[in-house]
Every structure is written in C-alpha cells, then in structure tokens.
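Engineer: Quick one: sequence and predicted model below, then my questions.
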Amino acid sequence: MIESNNPRIDVAELLALVQKEVDRQRQKVETGGSEAAAAQEGETNNPYQWAQLSATLDVAQQNVDAGARLSTFLNYRRSVRWLVRGVGRVILYFGRVITVPQRDFNSAILHALRITLNGIRDMNRFTDQTVRRLDARLEEQAGQLAELARRDREKDHLIGYLKASLVMQERRISLFLDEARRCLPETFSQEELGEFVREKGHLLDSLYVTFEDKFRGTRGEIRERLRVYLDILRAAGAGSEEQPVLDIGCGRGEWLELLRDEGLAGRGVDLNDTLAHQCRERGLAVETGDAIAHLRSLPEASLGAVTGFHIIEHLPMETQLELYGEAVRVLRPGGVAIFETPNPQNLLVGACNFYADPTHKRPLYPETQKFFLEYRGFSRVELKFLHPHEPGARLPEDEAPELAARLNDLLSCARDYAVIGYRP
C-alpha cells in the first residue's frame, strides 16, 4: 500500500527547478556578472538556495521506494491492522511487476539529480572565483591606467611650462642682444638697465601658468562657472562697443572667450606676460601691465563693466581700495563691477584650499568687501555665493541630523563668492 502521510514528490517540478538553476548559471557566465559569497564556503545566494535543493533530494530519497513498502497503519484500529497488513502484503507481492521498475527508475533519477546538482554547485563556485579574479585584475588595471593618466597630465604640464619658459628666455635674450648692439661701444643707460630689472620680474610667469593649469581647473570648467555673470552684464547694458567689459587679471582668458562667443565686447589686462601672450594668440584683446595703472589711463565713465575673478585676494588692503576707487571712476552710470574670490566661510577653503596658491595674501571676509565697495562709492552692493560642494561630498544626515547639517553648512557651503556693485 502506498504511504499516504509522506509528501508527494513531483519529479517534473524538481527537474524544472534544476533546469532553471542551470539556465541562471549559464546566463551569469555569459553576462560576466557575479553574486556575493554566501556565509558558508562555496555557497552563493540564489532564488532556491543550495540547502533547499539538497533537502528536497533528501526527501525524495526517503520516499524512493514509495509504493513498494507497507505503511505504518497508524490510521487503522488495532483490531483490523493485522488484516490490512496481510492484504497489503499480497497486493505488494503481485504489484512488484510495476513497483520494482518504478523504484529503480526513482533511484536512477535521484542519482542523476545529485550528480547534476553537484556539477552546478562546482560550476557556480568556479564561476564566482573566476569573476572575483577578473574583478581584482580589472581593478588593478584601472589603477594602473589612472596612474598613467596622472603621469601623462603631469608630463603635459611640464612640457607646457618648458615651452613657455623657452619662449620667454628667447624673448629676454633677444631683448638683451638688441640693447647690446645699440649700445656698443658705449655702456647701458639707466633706462636700459631698468628695463632689464623689470624683465626679471617676469621670471616666474611661466611657472604660474603651469600652476594654474594644474590647480585652477580646465578651461571648459571655468567657462561654465562664469556663465552665471552673463545675465548681470546684460541687465546692466554692458558688453557693447560703447560700454565694453574690462577684465583685470584676465589669466588664461576664459571669461573673455565666453564674452566673445556671446557677442559681448571685452578686453583684458594681466601682469603675467606669458598669460597675456597666450591670450593674444587666441585672438583676445589683452595687454600686459598693472591693473590699477591701466585703469588710471582710461577716461572717466568709459566702461560698462569691470570684472576680476580671483584677483583681489592677491592684493593688500590699500591696493584693493585703490582698485575699487578707480573702477567706480571708469564705469558709466549704471555700470557694474564684479569681483569673485574664495569664500572663507567654507572652512575647507578658508583653512586649507586657499593657501594652495602661494601668491594669495589672506582670505577676504565677504561683508568686509561689501563695505569696501560701498565706501568707495558703489551702490546696490550685493554678495553672490557660488560653487557649493557636490551633494556626494556632504556628510550623511541619517544619524545626528542636526550636527551633520551644521557641519555641512561649514564644510560644504559655497566655495566662492562675488561682490557686485553698481555706479550710481
């Protein structure tokens, strides 16, 4: 008699589960994916769990001879149990024609399933090990590529520095030789000696150009950051031929390029002869010289805007006030002045990043610069805070949200600010 209190084993369903696991492993190998290692060695997380499959096969093994043995007769009264046992033995004896082949078939199927399951488990273990080795190799190669890219950037910076230095040295040698030819057989005059001394002040120009290329950011990044000021210029009517923009300390010329591309008129002045020369090679109107001296040479009310990006932190206080005074003089009524500088209210900037540039004097407190512009005659002076850290750089606020929010205000707030004023 077939035992009624044992679970029924659906061989077709069990084979479907095994086939589904085989297909999943094959797809995993083809796509190159990997799954996290399970707690026990050689085990991986999967929808069915290796232990579940093994347990199912164990249950099937316990019932492999179902139909070929008598039940425990627990559901029958003792008085009739002997009768049922006798009848069951007779039925089983004559039913061996069917039950014995079925039992052999069940045993063969279970043996094949165990071999298949062990093969899948070994393949899964080998696949995971292979994927982990490949991941480790890829990470190693990615690190090597990053190092090569870093060395390549440093090489480019060095080549740029050497090229700029070579150009400047050739210029100085030519200047010296020209003056020497004119003076022979006489000695150099005081004016000529003074020219040599002034030329000595440009010895580090090429070094600073390379420094900016490494630490300032790419030209594209700087252009995108400066776009925020275009609407301010247009609202003030600046950028026409009658009201051009003067950019003092124009550096590599990103702002002047942006103005040109937007159809606005602008020119620049920079003390660094190498930077000014590079700007002129790009077709920009840039002069080499001192910003305040250049402003003094301009007639009153001749400009629509005066801009200076990351220049005022290089100046002592007296020079800043003089710069603001000359700027308000050369602006037309309604003209705008924009000066951007690092924001010391961001602790990372004020305590660390600001001093990456050895030519910086000191961090400038925003309200102080606003007061200076007002003191020098500007009206409607405002502060514009810019360039906060990316969201990924902020501290998570899941735990201790009030403390994390306060620290984010100090560490991840705007890295730069602009002081903006208008001539009445």
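Structural biologist: That came through fine.
Engineer: residues of stretch 254-269 that come out buried?
Structural biologist: Within stretch 254-269, the residues scored as buried using 16 or more other C-beta atoms under 10 Å are 254-260, 264-269. (Glycine included, C-beta is placed from N, CA and C.)
Engineer: Ignore what I typed, I meant stretch 226-246.
Structural biologist: Under 16+ other C-beta under 10 Å, the buried positions of stretch 226-246 are 226, 229, 232-233, 236, 238-239, 243-246.
Engineer: Next: stretch 344-356.
Structural biologist: Those buried within stretch 344-356 under the rule 16+ other C-beta under 10 Å are 344-346, 349-350, 354.
Engineer: Quick check, Ser379 in contact with Arg423.
Structural biologist: Yes: counting by C-beta atoms under 8 Å, Ser379 touches Arg423, with 7.5 Å between them.
Engineer: Show me which of those two is the more surrounded one.
Structural biologist: Arg423 (22 against 12; other C-beta atoms under 10 Å).
Engineer: show me the residues around the nearest residue to the more buried one once chain neighbours are set aside that make contact.
Structural biologist: Nearest residue to Arg423, sequence neighbours excluded (C-beta to C-beta, 6 or more residues apart in numbering): Leu331, at 4.1 Å. For Leu331, the contact set (C-beta atoms under 8 Å, 6 or more residues apart in numbering) comprises 301, 303-306, 337, 423.
Engineer: Identify the bridge partners of Leu331.
Structural biologist: In this entry, Leu331 is beta-bridged to Leu303, by DSSP bridges.
Engineer: For Ala351, see how far away it is.
Structural biologist: According to C-beta to C-beta, to the nearest Å, Leu331 stands 35 Å off from Ala351.
Engineer: now swap in Cys413 and tell me
Structural biologist: Cys413 is 13 Å from Ala351, by C-beta to C-beta.
Engineer: picking up where we left off before, of the buried residues of stretch 254-269, just say which sits nearest to Tyr417.
Structural biologist: Checking those against Tyr417 with C-beta to C-beta, the nearest one is Trp255 at 16.8 Å.
Engineer: wait, what's in contact with that closest one?
Structural biologist: With C-beta under 8 Å, 6+ apart, Trp255 has these contacts: 222-223, 226, 247, 266, 268, 307, 309.
Engineer: Okay, and which of these map to helices?
Structural biologist: Among the contacts of Trp255, the members found in helices (DSSP state H) are 222-223, 226.
Engineer: need the contacts of Trp255 in a markdown table with distance to Arg282, can you?
Structural biologist: Below are these laid out as a markdown table (distance: C-beta to C-beta, whole Å):
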| residue | distance to Arg282 |
| --- | --- |
| Ile222 | 14 |
| Arg223 | 13 |
| Leu226 | 16 |
| Asp247 | 14 |
| Gly266 | 13 |
| Gly268 | 11 |
| Thr307 | 18 |
| Phe309 | 17 |
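Engineer: Lowest pLDDT pick from these?
Structural biologist: Among these, Ile222 carries the weakest pLDDT, at 90.
Engineer: Could you check how far the nearest residue to that one once chain neighbours are set aside is from Leu298?
Structural biologist: Leaving aside its sequence neighbours, Ile222 sits nearest to Glu254 (C-beta to C-beta, 6+ apart; 4.3 Å). According to C-beta to C-beta, Glu254 and Leu298 sit 23 Å apart.
Engineer: And Tyr229, by the same measure?
Structural biologist: Going from Tyr229 to Leu298 by C-beta to C-beta gives 21 Å.
Engineer: likewise Gln278?
Structural biologist: Taking C-beta to C-beta as the measure, Gln278 falls 24 Å from Leu298.
Engineer: quick one: low-confidence parts of the stretch 151-300 of the chain?
Structural biologist: 157-158, 160-211, 213, 215 (pLDDT under 70).
Engineer: again, 80 this time
Structural biologist: Within the stretch 151-300 of the chain, the set of residues satisfying pLDDT under 80 comprises 151-217.
Engineer: which residues of it fall in strands?
Structural biologist: 245-248, 266-270, 286-288 (DSSP state E, counting those that start in this stretch).
Engineer: As a markdown table, those strands with distance to Ala149 would be great.
Structural biologist: Compiled in a markdown table, these are given as follows (distance: least, C-beta to C-beta, whole Å):
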| stretch | distance to Ala149 |
| --- | --- |
| strand 245-248 | 32 |
| strand 266-270 | 30 |
| strand 286-288 | 32 |
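Engineer: Which of these sits closest to Tyr365?
Structural biologist: strand 245-248 (21.3 Å).
Engineer: contact partners of the closest one?
Structural biologist: Under the criterion C-beta under 8 Å, 6+ apart, residues 233, 238-239, 255-256, 259, 264-270, 291, 294-295, 298, 303-309, 311, 323, 330 lie in contact with strand 245-248.
Engineer: In its sheet, which strands sit next to that strand, and in what direction?
Structural biologist: Applying DSSP bridges to the sheet, strand 245-248 is found paired with strand 266-270 (parallel), strand 303-309 (parallel).
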